[in-house]
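> here you go, sequence then predicted model.
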Amino acid sequence: MLDLAIRKLFTKLHVSGEVKKHQQRRTDSKKRRNCFPDNVWSKILDELSPFEQARMRAVNTKLRNLVDERRRRILYLDVLRMDVGQLLAPAVADDGEFFRHPAGRLVLHIESRSALIVVDAHWTTRDAVRTLGAVRHFGAFARTVTLDASVAELCVAGQITNDIAHWFVFQAAAGTSDPVCPSQMPSWIPDKSRIRAVRAVEEDHVAALREWNPRTQVLPFGPLFPYAKELTLRSSIPQLRRLRRFFVYRCPPKYLFDPCALNLLRVTISNGAGRRKQSPTSLKLRPFYRWANTAKLGPRFAVQFS
């Protein structure tokens, strides 16, 4: 009986030793695979597009840290909607300055301290999902952020739901899928007619609000732009309805930015003339003011016309 127990003990010791040798071989193999120094990996990343660099984060911890170090340098983020064909021809993937997403209508331009994200005016649900992912990636450490009204609405909704498809249908049904563009009401239209037109649009807008019922809801870990010091929302007059709709998503401002750290929240309205008197008498932005709690922001909130 004693001999049997001794043999079992030696067998276990032998197996344990073999396991340790196998683990040591795996560790040595990993060290050989990760033998490149950081400067070599940086050279490799320099030759990749911003989209390929983002995918390299999933390779290993070293590449994740190198890519995140580049993200921390991005202090300025600008996201807008326009015809991406004006930047890149349909058959061109990149021209050295602008890089097209391989499977979407999304274009990126990256510099040492800034990032420009351009999504096509005729975007799709998948484009909206990719845009939100790009904003989260490049906006994590941004200090100065500028968003088109449509992208800002996407960011607000994306903070409390993963059902971007429902949001896309919802905002399209509300008649606000148009791109951001300068607009000017013809001078021959009386001011009263302008006000009636705005009220009619608001009535349609309120009717559409009742349809917001996403299938999923999420609780974010923190604000989308935790380090933002200046946030600018860029809008045309017809797209102000997007700002009015922020409160419907039940997403407080603290999920978008840190109210205590923010130095300036600015709404830039493009009316084509740059003069306040050519805009409607009332912008009907009280729902947005209530959402942003502008009374608490005080002088840190501003509305500008361009």
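Right, received. Where do you want to start?
> quick check: Lys254 touching Leu224?
No - Lys254 is not in contact with Leu224 according to Cβ atoms under 8 Å; the separation is 10.2 Å. Quick note: C-beta positions are derived from backbone N, CA and C, even for glycine.
> which of these two has more residues huddled nearby?
More neighbours surround Leu224 than the other of Lys254 and Leu224, with 21 against 14 (other Cβ atoms under 10 Å).
> which residues does the more buried one contact?
135-136, 139, 155, 159, 255-257 (Cβ atoms under 8 Å, 6 or more residues apart in numbering).
> same check on Trp123?
Applying Cβ under 8 Å, 6+ apart to Trp123 gives the contacts 81, 105, 131.
> with those in mind, which one is nearest to Arg64?
Thr131 (22.4 Å; Cβ to Cβ).
> buried residues in whatever helix or strand that closest one lives in?
Secondary structure from DSSP states H and E places Thr131 in helix 125-138. The neighbour-count criterion (16 or more other Cβ atoms under 10 Å) identifies 126-132, 134-135, 137-138 as the buried residues of helix 125-138.
> number of residues surrounding the residue nearest to Arg244 when sequence neighbours are not counted?
Spatial nearest neighbour of Arg244, chain neighbours left out: Pro287 (4.5 Å); criterion: Cβ to Cβ, 6 or more residues apart in numbering. Burial measure for Pro287: 19 neighbouring residues, criterion other Cβ under 10 Å.
> for the one helix or strand Pro287 maps to, packing partners?
Using DSSP H and E, Pro287 sits in helix 286-292. The contact analysis (3 or more Cβ pairs under 8 Å, 6 or more residues apart in numbering; DSSP states H and E) places helix 286-292 against helix 240-244.
> now do the host helix or strand of Arg70, average pLDDT.
In this structure, Arg70 is located in helix 61-71 according to DSSP H and E. Mean pLDDT, helix 61-71: 90.
> which neighbouring elements make contact with it?
Going by 3+ Cβ pairs under 8 Å, 6+ apart, helix 61-71 lies up against helix 38-46, helix 50-56.
> worst average pLDDT in these?
Across these, helix 38-46 gives the lowest mean pLDDT, at a mean of 85.
> put the alpha carbons of that helix into CSV.
Taking C-alpha atoms only, helix 38-46 is exported to CSV below (Å, rounded to 0.1, in the frame of the first residue of the first chain):
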residue,chain,number,x,y,z
ASP,A,38,7.5,50.2,-29.2
ASN,A,39,9.2,52.4,-31.8
VAL,A,40,8.9,49.6,-34.4
TRP,A,41,5.2,49.2,-33.7
SER,A,42,4.8,52.9,-33.9
LYS,A,43,6.3,52.9,-37.4
ILE,A,44,3.8,50.1,-38.3
LEU,A,45,0.9,52.1,-37.0
ASP,A,46,2.0,55.1,-38.9
